[in-house]
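Model the structure of this input:
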Amino acid sequence: MSNKSTANDGFFERRFKLSEHGTDVKTEILAGITTFMTMGYILAVNPDILSSTGMDKGGVFTATAISAIIATLIMAFYANYPFALAPGMGLNAFFAFTVVGIMGKSWQFALTAVFLEGIIFIILSFFKVREAIFDSIPMNLKKAVSVGIGLFIALIGFVNAGIVVPGEGIIVDLGNLKAAGPLLALIGLIITGVLLAKNIKGALLIGMIITTIIGIPMGVTPLPEGMLVQLPPSVKDVAFQFEWGEIFTWEMLLVVFTFLFVDVFDTVGTLVGVASKADMLDEEGRLEKASEALFADAVGTVAGACLGTSTVTTYVESASGVADGGRTGLTALSTACMFFLALFFSPLFGMIPGEATAPALILVGLFMMSPIKEIDLEDFTEAIPAFLTIVMMPFAYSIAQGIVFGMVSYVILKLLSGRHKEVSGVMYVLAILFILSHIFL
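Residues are numbered from 1 along each chain as shown. Predicted coordinates:
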């Protein structure tokens with residue numbers, strides 16, 4: 001047993017260079033489990049969101065887990081970083097509630113856009129264009145996108161729970177908080193909030209589990225049928241369901257660009273933020289294997305689209321594993337193994353009601369609000385576009401429209417204020433494309 005353990009340690013040491021990174025096998029595996037605990041909620045939330053478009057919930061569950069496994073394994077072995085990936089929050093909301101809900105497109109159209117985005121990302125990763133695009137967009141707008149998506153996700157959580165409802169004579173109104181669904185969501189919000197306040201690892205996932213259990217006697221939680229441990233649901237109803245008839249339309253261009261835009265900033269921002277916590281950045285603030293890390297989410301996105309789920313991205317929850325000492329790809333490998341095990345517990349994740357996932361959505365919205373502290377609110381040519389980006393996402397119920405309002409207003413305000421030199425060429429091109437899309441669509 002000892003010899004086998006030593007041999008395994010030797011393999012992991014050679015493959016992941018553990019001693020070089022000041023870590024060991026036990027630390028890395030525990031860090032990977034911690035990361036899974038903090039991001040495992042996506043296995044319940046993502047199917048819940050995407051199934052609102054008509055997609056098969058079980059198939060989306062399997063697609064979510066497998067795409068996470070594929071992308072995280074690439075991160076582990078190709079980049080050797082302790083970062084985990086899965087279908088991203090915000091991007092799944094744009095998929096379901098904007099592309100399908102507001103624009104009236106089919107979920108097959110949305111999946112096609114995700115697939116095209118992934119292919120473009122793979123190409124851009126080889127030429128390091130993603131880093132160049134990231135650098136061309138003003139920092140205040142990057143931060144505003146995160147904040148706006150946070151408000152949008154929180155609004156979805158409140159609506160899904162029935163806490164906020166369409167009003168009679170007013171735009172929105174407070175739901176019936178005495179009803180079982182909204183009441184359960186509020187209970188879950190309090191429980192999860194207490195767990196977060198006590199710094200409990202996996203607070204969102206644990207909160208959902210506790211809320212789901214409380215929902216059983218309240219009649220909100222559906223009881224699973226059959227065995228709790230089963231083979232993963234089939235993806236046959238959601239896999240390779242592409243729709244090629246509209247790939248050359250303005251609407252497809254706008255949707256693909258929005259996926260690209262949000263994913264670039266989400267992934268690169270997460271990589272930089274988590275890498276800084278792990279002291280992985282060089283003196284100039286660069287990540288040595290940024291291209292390899294970005295390649296992981298590009299391949300994961302293509303694989304996810306083929307399987308039947310929205311855009312895959314690097315998760316900021318990876319910071320929890322880093323905080324527990326994770327420094328190499330072995331942490332990511334451990335997280336991927338946990339996603340594999342979760343595949344066989346789909347009945348447990350399937351019984352989690354929307355009222356139990358709502359608190360996670362609301363609190364993820366809170367987490368995404370943090371960049372607002374760093375937005376320049378004194379310079380109005382910066383503050384107004386950032387503000388419009390933030391508020392138009394929930395007000396227009398569209399991530400894409402928030403980005404359009406922010407970027408176009410930024411270019412116009414800078415031009416009319418005589419500060420056109422502060423606007424990059426890429427921003428001019430994007431603003432013109434957005435204006436043309438609204439004129440001709």
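
just how off-centre is the host helix or strand of Ile122 within its chain?
Using DSSP states H and E, Ile122 sits in helix 107-127. Centroid separation between helix 107-127 and its chain, computed with Cα atoms, centre = their mean, to the nearest Å, is 16 Å.

residues near Ala356, how many?
For Ala356, the neighbour count with other Cβ atoms under 10 Å is 31. Where C-beta positions appear, they are placed from N, C-alpha and C, glycine not excepted.

Check Arg14 too.
By other Cβ under 10 Å, the residues close to Arg14 number 9.

Which pLDDT value belongs to it?
At Arg14, the pLDDT value in this model is 88.

which element is it on?
When elements are assigned from DSSP H and E, Arg14 belongs to helix 2-16.

What segments of the protein are strands?
Under the criterion DSSP state E, the chain contains strands at 85-87, 164-166, 172-174, 312-314.

Put together CSV for the ones you listed, with distance to Ala336 on each row.
Output for those, formatted as CSV (distance: least, Cβ to Cβ, whole Å):
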stretch, distance to Ala336
strand 85-87, 9
strand 164-166, 37
strand 172-174, 41
strand 312-314, 13
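
what number of residues lie near Ser414?
For residue 414 the amino acid is Lys, not Ser. 20.

so it makes contact with Ala431?
No: counting by Cβ atoms under 8 Å, Lys414 sits too far from Ala431 to count as a contact (10.1 Å).

Quick check on the residue nearest the centre of the chain: phi, psi?
Nearest to the mean C-alpha position of the chain, by Cα atoms, centre = their mean, lies Gly88 at 1.9 Å. With angles defined as degrees, to the nearest 10, Gly88 sits at phi -90, psi 140.

which residues touch it?
Going by Cβ atoms under 8 Å, 6 or more residues apart in numbering, Gly88 touches 263, 266, 310-313, 315.

Read off the pLDDT value for it.
Looking at Gly88, its pLDDT reads 88.

my read: Glu243 touches Phe109, true?
Yes: at 5.0 Å, Glu243 counts as touching Phe109 under the criterion of Cβ under 8 Å.

how much space between the residue lying closest to Ser417 once chain neighbours are set aside and Leu141?
Distances taken as Cβ to Cβ, 6 or more residues apart in numbering place Thr381 nearest to Ser417, at 5.4 Å, with adjacent residues excluded. Per Cβ to Cβ, to the nearest Å, Thr381 is found 12 Å from Leu141.

likewise Thr389?
As for Thr389, its distance to Leu141 is 6 Å (criterion: Cβ to Cβ).

Ok, Thr211 next?
Look at Thr211 and Leu141: by Cβ to Cβ, they are 36 Å apart.

So these two - more neighbours on which side?
Thr211 (28 against 23).

Can you tell me how far the more buried one is from Gly193?
From Thr211 across to Gly193, the span is 12 Å (Cβ to Cβ).

Tell me the residues that contact both of these two, please.
Joint contacts of Thr211 and Gly193 (Cβ under 8 Å, 6+ apart) are Pro359.

Give me the neighbour count for the nearest residue to Phe259 once chain neighbours are set aside.
Of all residues not flanking Phe259 in the chain, Glu117 sits nearest, at 4.3 Å (Cβ to Cβ, 6+ apart). Neighbour count of Glu117, defined by other Cβ under 10 Å: 26.

Likewise for Phe127?
The burial count for Phe127: 10, using other Cβ under 10 Å.

Common neighbours of Thr389 and Leu141, please.
Common neighbours of Thr389 and Leu141, using Cβ under 8 Å, 6+ apart, are 406-407.

Name the helix or strand of the chain that has the lowest mean pLDDT.
Every helix and strand in the chain was compared by mean pLDDT, DSSP states H and E; the lowest is helix 129-136, with a mean of 65.

where are the low-confidence patches of the stretch 201-350 of the chain?
For the stretch 201-350 of the chain, applying pLDDT under 70 flags the ranges 265-266, 268-269, 272-274, 276-278, 281-286.

what ranges do the helices span in it?
Using DSSP state H, counting those that start in this stretch, the helices of the stretch 201-350 of the chain run over residues 203-215, 250-277, 290-307, 318-323, 329-342, 346-350.

In TSV, list these along with distance to Gly162.
Formatted as TSV, the helices of the stretch 201-350 of the chain follow (distance: least, Cβ to Cβ, whole Å):
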stretch	distance to Gly162
helix 203-215	13
helix 250-277	28
helix 290-307	30
helix 318-323	31
helix 329-342	28
helix 346-350	20
